[in-house]
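[1] how does the following fold in three dimensions:
(chains A and B)
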Amino acid sequence: MHSQTTISRFPSLSTQTHFESLISFIKSTTKTTQLLEIHAYLLRTSLIQNTTFSVPFLNRISLPPLQNLTYSLRTFSQISRPIVTHYNTIIRAYAMSKYPEKGFYVYRDMMRKSKSPNSQSLSFVTKCCTKSCSVFGGLQVHARILRDGYCFDTLLLTTLMEFYSGGGKGDDACKVFDEMPQRDTVAWNVLVSCYTRNGRTRDALDVFDRMQRGEHGCDPDDVTCLLVLQACSNMCAFEFGERVHQYVKDHGYSHALNICNSLVAMYSKCGQLDKAYEVFQGIPNKDVVSWTAMISGFASNGRGREAINVFREMQRMGISPDEQTFTALLSGCSHSGLLDEGRSIFDRMQRVFGLVPNIHHYGCVVDLMGRVGLVEDAYELIISMKCKPDATIWRTLLGACKVHGNLTLGERVIERLIELKAQEAGDYILLLNIYSSAGNWEKVIELRKLMKEKGIQTTPSASTIELKGEIHEFKVDDTSHPRINEVYEILDEIEKQLKIGGYNAEITDVRLSYHSEKLAMAFGVLATPPGTKIRVAKDLRICTDCHNFAKMLSAVYSREVTIRDRTRFHHFREGRCSCNDFW
DNA sequence: GCGCCTCCGC
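    Alright, predicted model coming up:
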């Protein structure tokens, strides 16, 4: 009713005021119904042909909160001679929609009509190519950017970096960055995100210093901190993370909720639960993300009961858990072997909170059942799922079959993986280990032959250890580290000592050579004074042998050892592990 | 005028 009066009032005013108030009304309204009335009015008066009206109208209808693609397209089609800005609006609308590839068609169409794209058109169409993973389109746009001389446009080039980074072409993104004559903080941020996304976490951390050092230095902003904290989590770079925390305090970001949440996650993922909890308690207005981060922190560090307590506290505070909260909680139950608690939470999640379990939730429950030996039940659960089982969930069960030496089920599971055409080297290694644990050497030889025939290559795993803020990396049977000879020497010495303590190298695991985590631990013993905590991060899951090795090391050398593997933390102390062998 | 961004898991 209100809008009706507003529009009908327009003609009574002088033309100037009429137009001005109409435009400001378009810019301020957020109601689709009001915009539809205006649309009808613009059409009736042919004012829609006037860019002064059509541009703000298109912006309003195509951008959030309305984002109405249908009306944007209809309006666009009613404009008889669209200009570049109109096209840009539509390309942007497609970039934000579910059909990003159509943005590229509009871009091509506009060029066919001899309209030259400007910086904005190129920026939006690049985004379309990024979202639709169109390598072909992106390369064409890149060529156009160079041809039209936009190589000074920082903003446009940053968008182009995103295209390469998202398409897994990190090197090309870096090249665009290197050739940029000017860089702002956002360009640096995209570089960090590019490194993180493409697995070059170390380089991501280096950027934090590089950007401050540079000639035309840029100060990291809050987004830089978020990204770098993520990189610290991935690398288990605790000391680096602390430095970023200091930077956050010094630059007044310590009250930003997203930064605080990232800090909780970073400290948790570096195994520093006390620090994580300290930051967590200092957050005045904790949201779901904060609570989930803390639950996950306890969960991945093998403290399932505390994770459940935090969850209870969260409910007392009236914060509703979301799907991710339950994933964290259920994974906590599985890491700590809390079968009944896990089952009850899985049940309450559906009954009380009305959430439909997704593949991750099922994955956690399968993991939980598998760990405690209910492998057949876990198999039944996967079969009963409403969603399609993926390779990962089968792989989880395969791992459980290995732990419990269930050969027949293991074979059935690998068949499923083969059906999904998703079998990886790691899956064969697991099956291989199942056979060798059972002493079935014929099958071992047969499978090895099969792997050779299929050309399956095992990727060497790597472990890292941080000393004085510097990251040292070791691979299986490493030969590259500068102090590798000393490392092997001390490793032999350690093994001798541990054997006296009762450690025996297990021969059930096939790949028995110098595992990277052993090398990293040995380096820790070598390079730090006695009594210093050893913190190692590993990209795959730790094997039984290395687990025993670490347990014994913690007792014989009186060192606390922390190993973060692909899925969780292991805190070793006085010959025991926080995981109680539930891993 | 447009770009980067917090919590989960197998």
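
[2] and the residue in the stretch 401-550 of chain A that DNA strand B sits nearest to, what is it in contact with?
    At 9.5 Å from DNA strand B, residue A:541 is the closest residue in the stretch 401-550 of chain A, using C-beta to the nearest atom of the strand. Yep, even glycine has a C-beta here, placed from its N, CA and C like the rest. Counting by C-beta atoms under 8 Å, 6 or more residues apart in numbering, residue A:541 makes contact with A:399, A:565-567, A:583.

[3] can you narrow those to ones near DNA strand B?
    Contacts with DNA strand B within the contacts of residue A:541, as defined by C-beta under 7 Å from any atom of the strand: A:399, A:567.

[4] show me what contacts the residue of chain A found nearest DNA strand B?
    Residue of chain A nearest DNA strand B, by C-beta to the nearest atom of the strand: residue A:392 (2.5 Å). Going by C-beta under 8 Å, 6+ apart, residue A:392 touches A:359, A:363.

[5] assumed it was part of a helix.
    Yes - the assignment for residue A:392 (DSSP: H, G, I helix; E, B strand; the rest coil) places it in a helix.

[6] got the phi and psi for the residue of the stretch 401-550 of chain A closest to DNA strand B?
    phi -90, psi 140 (degrees, to the nearest 10).

[7] for residue A:317, see how far away it is.
    In this structure, residue A:541 and residue A:317 are 35 Å apart, going by C-beta to C-beta, to the nearest Å.

[8] same question for residue A:538.
    Distance, residue A:538 to residue A:317, using C-beta to C-beta: 36 Å.

[9] now residue A:50
    54 Å.

[10] who has more neighbours out of these two?
    Between residue A:50 and residue A:317, counted using other C-beta atoms under 10 Å, residue A:50 has the larger neighbour count: 13 against 9.

[11] per-residue confidence at the more buried one?
    With respect to pLDDT, residue A:50 has a value of 92.

[12] that one: what's it in contact with?
    Counted by C-beta under 8 Å, 6+ apart, residue A:50 has zero contacts.

[13] residue A:285 belongs to a helix?
    No - assigned with three-state DSSP, residue A:285 falls outside any helix and is coil.

[14] how close does the closest residue to residue A:390 other than its chain neighbours get to residue A:332?
    Leaving out its chain neighbours, the residue that sits closest to residue A:390 by C-beta to C-beta, 6 or more residues apart in numbering is residue A:359, at 6.1 Å. When C-beta to C-beta is the yardstick, residue A:359 and residue A:332 sit 18 Å from each other.

[15] settle it for me: which of those two has more neighbours?
    The neighbour count for residue A:359 versus residue A:332, taken as other C-beta under 10 Å, is higher for residue A:332 (32 against 16).

[16] tell me the secondary structure at that one.
    helix.

[17] how about the residues of the stretch 1-150 of chain A near DNA strand B?
    Residues of the stretch 1-150 of chain A lying close to DNA strand B by C-beta under 7 Å from any atom of the strand are A:85, A:88, A:118-120, A:123, A:127.

[18] where does chain A have low pLDDT?
    Applying pLDDT under 70 to chain A flags the ranges A:1-16, A:422-423, A:457-460, A:506-513, A:582-583.

[19] what sits up against the longest helix anywhere in it?
    Taking DSSP state H as the assignment, the helix of chain A that covers the most residues is helix A:484-500. For helix A:484-500, the external contacting residues (C-beta under 8 Å, 6+ apart) are A:474, A:478, A:481, A:503, A:505, A:514, A:518-519, A:521-523, A:525-526, A:549, A:552-553, A:556-557.

[20] of those, grab the buried ones for PyMOL.
    Command for PyMOL that selects the buried part of the contacts of helix A:484-500, burial taken from 16 or more other C-beta atoms under 10 Å:
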select buried, chain A and resi 474+478+481+503+514+518+519+521+522+523+525+549+552+553+556+557
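
[21] next step: the contacts of helix A:484-500 restricted to strands.
    residue A:474 (DSSP state E).

[22] would you map the strands across chain A?
    Under DSSP E, chain A gives strands at A:462-467, A:470-475, A:534-538, A:561-564, A:569-573, A:576-577.

[23] other SSEs contacting the first one?
    Read that as strand A:462-467. Packing partners of strand A:462-467 (3 or more C-beta pairs under 8 Å, 6 or more residues apart in numbering; DSSP states H and E): helix A:238-250, strand A:470-475, helix A:516-527, strand A:534-538.

[24] many thanks, I have nothing further to ask.
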